[in-house]
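In: Please find the sequence and the predicted model below.
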Amino acid sequence: MFHTALSDHEALAKHTKSVIVIGDVMLDRYWYGDTTRISPEAPVPVVQVKHEESRPGGAANVALNLAHLGAKVTLIGVVGKDEQNETLKRLMGAAGVTCRFIEAENSATITKLRILAQHQQLIRTDFEHAEMDSQGILDQLMQAFEHSLGTADAVVLSDYGKGCLRPAQPYIQAARAKQIPIVVDPKGSEWSLYEGATVITPNSREFEEVVGKTSHDAALVDKAKKLIQALCLDALLITRGAKGMALVQKSGPELHIPTQAREVFDVTGAGDTVVATLALCLANGAILYESVPIANLAAGIVVAKLGTATVSLAELREALHLDHQALESGIVTRDQLIGLRQRLKTQNKRVVMTNGCFDLLHPGHLQYLQAARRLGDCLIIAVNDDASVTRLKGESRPINTVQDRMLHLAALGCVDWVVPFSEDTPGELIEAIMPDVLVKGGDYQISEIVGAETVANAGGEVKVLPFKGGYSSTLLIQKILSSDTHCETAD
């Protein structure tokens, strides 16, 4: 009920795919320890280092993410003739990544050292002495790229502004000529460097550095479309932190999806995970609209880890499985429902939505909901939470908790998804979901229905369906109370 045209597992690993990652490779080093005192020499903590760790960073972390997702990866970049280079090659080799490093004279491998105590990062020091802009280095990079391009299914340009991708056009043009998708993780505001790429994946800050401030989604989409046209791109994927992601395409629908992070522990490297997952999906023939939700889910996994981390194929498949289970259970969160609604659009599913308290289900409800379901391909019910029912119905209501009411509704064969809302009206939720058909039961006038104008203005339909006569939750409650009083009197 939830799958896209290309299933998630196919989008991730239909067959083993080859991906080239070219860009600024780095080594991330971590020193872990404890701190219990302040230095007498300066007002800084003293850290007693107990453990050291080295991880691939920058473009190397993108490559590592791809390798852990099952891709065959070639990593191209510039390093120094030093111990850090050897460490990086060892780590990448252990993950099965083929390294085609250009070793520059009088240069050092870019290294970032982070010192942590009690899982908190205290300081980061960067070592950058690489020389990447000589013609000899650029020629060697292009030779390594062309040597690997013949078997590539996708290309990633991982730009950290250190010089490896200045210029980037030769790589984009060579991949474009072979109709190989190109994913670019940009740096700086000089995006003419990336003209002709398939998709560029900036974060919100990077995007606004290029196009200016965007105060709302419509402005973001408008500016993104203009940039796509100016740079001859297929799409922009803008990562928006807690707001999730926005995909804007040259042709095709937009996609706004909420973040999938259950717990944010460290955002280091999350962008690399998005780029890697997206590239692998495209390498397997998935379209962007199918690929972005998977990349979003991968990012949600990796930010729950400490430091520069990756997500494995097993972890991502498990998360996809759990995500599908949650969505297929009938009861969903608002964020899950918004993401689901975007996917249903790609399947041209006609979505019907209604709302109510549904405190005591009766035959009138059942008949009404069955009739509502027949108006489309799926039915969503928004249910007032307990506090909002009390505000609407009085201190004695609800009789059943919101969880019980949702369980009753989700068990009905005519209902696809149930979502709670806490506001007095479902107006905000209706606007976020934007159903194709908004339904209300009873003797309402369409003008009285919350969300009717919003749905109608978007091209949707608003319908009023009659309740079966003689049934009412309020009357049922009164009858029960009356029966209880009669029994007490008889006793």
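Out: Yep, it's here.

In: okay, now the domains of this protein?
Out: Domains of the chain are assigned by automatic domain parsing as 8-25+57-97+135-328, 336-479.

In: element containing residue 443?
Out: Mapping residue 443 onto the secondary structure by DSSP states H and E places it in no helix or strand at all.

In: show me the contacts for residue 206.
Out: For residue 206, the contacting residues are 186, 187, by CB atoms under 8 Å, 6 or more residues apart in numbering. No exception for glycine: its C-beta is placed from N, CA and C like everyone else's.

In: how far is stretch 233-248 from where the chain is centred?
Out: On the basis of CA atoms, centre = their mean, to the nearest Å, the separation between the geometric centre of stretch 233-248 and that of its chain is 9 Å.

In: Can you tell me which of the domains of the chain is nearest to residue 31?
Out: Put simply, out of the domains of the chain the one that sits nearest residue 31 is domain 8-25+57-97+135-328, at 11.6 Å, with distance taken as CB to CB.

In: Show me how far that closest one is from its chain's centre.
Out: With CA atoms, centre = their mean, you get 13 Å for domain 8-25+57-97+135-328.

In: what about this structure, any weak spots by pLDDT?
Out: Low-confidence segments of the chain (pLDDT under 70): 1-15, 130, 132-133, 259-269, 302-310, 312-314, 316-329, 346, 468-491.

In: that older thread, need the domains of the chain in JSON lines (columns: distance to residue 129).
Out: As requested, the domains of the chain are arranged in JSON lines below (distance: least, CB to CB, whole Å):
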{"stretch": "domain 8-25+57-97+135-328", "distance to residue 129": "7"}
{"stretch": "domain 336-479", "distance to residue 129": "44"}
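
In: nearest to residue 119, of these?
Out: Closest to residue 119 of the domains of the chain is domain 8-25+57-97+135-328 (CB to CB; 6.6 Å).

In: returning to that earlier point: pick the most buried one from the domains of the chain.
Out: Across these, averaging neighbours per residue (mean count of other CB atoms under 10 Å) puts domain 8-25+57-97+135-328 on top, at a mean of 20.

In: closest to residue 116 out of the domains of the chain?
Out: When the domains of the chain are ranked by proximity to residue 116 (CB to CB), domain 8-25+57-97+135-328 comes first, at 8.2 Å.

In: Among the domains of the chain, which comes closest to residue 113?
Out: Across these (criterion: CB to CB), the nearest stretch is domain 8-25+57-97+135-328, sitting at 10.5 Å.

In: quick one: contacts for the closest residue to residue 440 other than its chain neighbours?
Out: With CB to CB, 6 or more residues apart in numbering as the measure, residue 449 is the residue that lies nearest to residue 440, at 4.9 Å, once sequence neighbours are left out. Taking CB under 8 Å, 6+ apart as the criterion, residue 449 is in contact with 438, 440, 462, 464.

In: can you check residue 440 too?
Out: Residues 354, 355, 449, 462, 463, 464, 465 are the ones in contact with residue 440 under the rule CB under 8 Å, 6+ apart.

In: do residue 34 as well
Out: Residue 34 makes contacts with 47, 48, 50, 117, 118, as judged by CB under 8 Å, 6+ apart.

In: how about the fourth one, phi and psi?
Out: It stands for residue 117. Torsion angles at residue 117 (phi, psi; degrees, to the nearest 10) stand at phi -140, psi 130.

In: Show the end-to-end separation of stretch 349-362, please.
Out: By CA to CA, to the nearest Å, the extent of stretch 349-362 from end to end equals 29 Å.
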